[in-house]
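Enquirer: next one to model:
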Amino acid sequence: MMALTNVSKFFPMGRGKQLHAVEDVSLSIGKEQVVGLVGESGSGKSTLGRMIVGLHSRDQGDISYDGELLPTRFRTQDHLRYARRLQMIFQDPYASLNPRMTIYDILSESLRLQGRTDAAAVTGAVTEWLKTVGLHPDHMTRYPHEFSGGQRQRIGIARALMIQPDFVVCDEPISALDVSVQAQIINLLSELKASMGLTLLFIAHDLSMVRYISDRMAVMYLGKIVEEGPANEVFFNPQHPYTQLLIASNPEPDPAAERSRTVVPIRGEVSSPVNPGPGCRFADRCPNVTTQCALPPPEVIVSEGHRASCHLLN
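Expert: Residues are numbered from 1 along each chain as shown. The predicted structure follows:
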């Protein structure tokens with residue numbers, strides 16, 4: 001359904017410098033699949049998601065949706081056209097809702113932009129979606145500041161799904177929420193995916209949660225995907241040194257096991273994404289670095305559908 005081919009996004013910094021937010025990323029997402037995208041803050045995950053839905057233009061590469069090449073830079077008519085099928089759930093439930101609009105105005109806006117003018121039908125749709133995400137229809141007259149973080153995220157989910165899209169980018173929809181509320185949101189997304197046949201790109205930091213909800217997992221570091229494959233295989237059989245250290249840092253749910261295990265931290269600071277060299281982006285933090293790592297890393301097929309970019313695997 002969604003295919004990214006050598007996609008790049010650079011932000012000019014002046015004096016010939018560019019911040020390489022996303023570089024040469026290729027990723028395929030099948031219909032009704034959930035692909036989890038993980039990595040540290042600043043790795044380019046959100047930028048990639050925003051390029052897919054047209055909030056950022058791309059500098060290189062192609063993005064195809066259902067066999068159709070998406071525009072490099074979305075215009076107003078492109079947003080109106082593709083919003084019917086491509087939507088995004090934003091990370092911050094406190095900043096992503098307009099504080100001057102009621103919940104009814106927030107949820108009905110997309111319907112009005114798509115030409116739905118029947119007031120009774122719009123109100124009925126808003127009522128049904130509030131019920132679907134676990135809120136009361138009376139809440140439609142309230143403002144965002146009257147809700148908790150979990151309730152606001154439910155409103156954000158309802159807003160994204162109001163016009164029944166096929167593909168949704170979930171940009172860290174649980175990172176600002178308490179653990180108990182995270183589970184509720186994940187279960188809600190799983191139920192809606194099953195009932196609506198959604199395809200999701202699920203961006204998150206929580207590796208265990210990503211493995212739970214995803215069919216496939218992609219690991220991103222400083223703008224590049226370093227490993228991608230079936231979620232269970234990447235989680236239990238990681239090949240790239242960064243993936244191995246990232247998963248090793250994931251806490252164990254059993255307190256006794258967590259206290260007894262040896263944790264190897266990822267040492268060093270993340271390199272600057274401004275005008276990076278051609279070599280492996282993780283080389284300056286990798287415990288297994290060699291002189292080869294100054295060269296562009298090869299893409300190695302670990303097994304069917306599982307690939308990683310590392311000289312150590314070649």
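
Enquirer: nearest residue to the middle of the protein?
Expert: Ile203 (2.6 Å; Cα atoms, centre = their mean).

Enquirer: not counting stretch 270-277 itself, show me its contacts.
Expert: 13, 17-21, 40, 42, 44, 222-223, 281, 284-285, 294 (Cβ atoms under 8 Å, 6 or more residues apart in numbering). Just so you know, the C-beta spots here come from the backbone N, C-alpha and C atoms, and that holds for glycine as well.

Enquirer: mind running it again at 10 Å?
Expert: Identification of contacts with stretch 270-277 by Cβ atoms under 10 Å, 6 or more residues apart in numbering yields 10-11, 13, 16-23, 40-44, 221-224, 281-285, 294-296.

Enquirer: the residue nearest to the centre of the chain against Met209, yeah?
Expert: No: in this structure, Ile203 is not within contact of Met209 by Cβ atoms under 10 Å, at 11.3 Å.

Enquirer: now the helix or strand hosting Glu228 - C-alpha only, PDB.
Expert: Element membership of Glu228, judged by DSSP states H and E, is strand 224-230. The C-alpha trace of strand 224-230 is given here as PDB (Å, rounded to 0.1, in the frame of the first residue of the first chain):
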ATOM      1  CA  LYS A 224      18.700   6.100   8.200                       C
ATOM      2  CA  ILE A 225      17.000   2.700   8.700                       C
ATOM      3  CA  VAL A 226      19.700   0.400  10.000                       C
ATOM      4  CA  GLU A 227      17.500  -2.700  10.400                       C
ATOM      5  CA  GLU A 228      14.000  -3.800   9.300                       C
ATOM      6  CA  GLY A 229      12.100  -7.100   9.400                       C
ATOM      7  CA  PRO A 230       9.300  -9.100  11.100                       C
END
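
Enquirer: packing partners for that strand?
Expert: Strand 224-230 sits against strand 17-29, strand 34-38, strand 216-221, helix 231-236, helix 241-248, strand 299-303, strand 306-309, with contacts defined as 3 or more Cβ pairs under 10 Å, 6 or more residues apart in numbering; DSSP states H and E.
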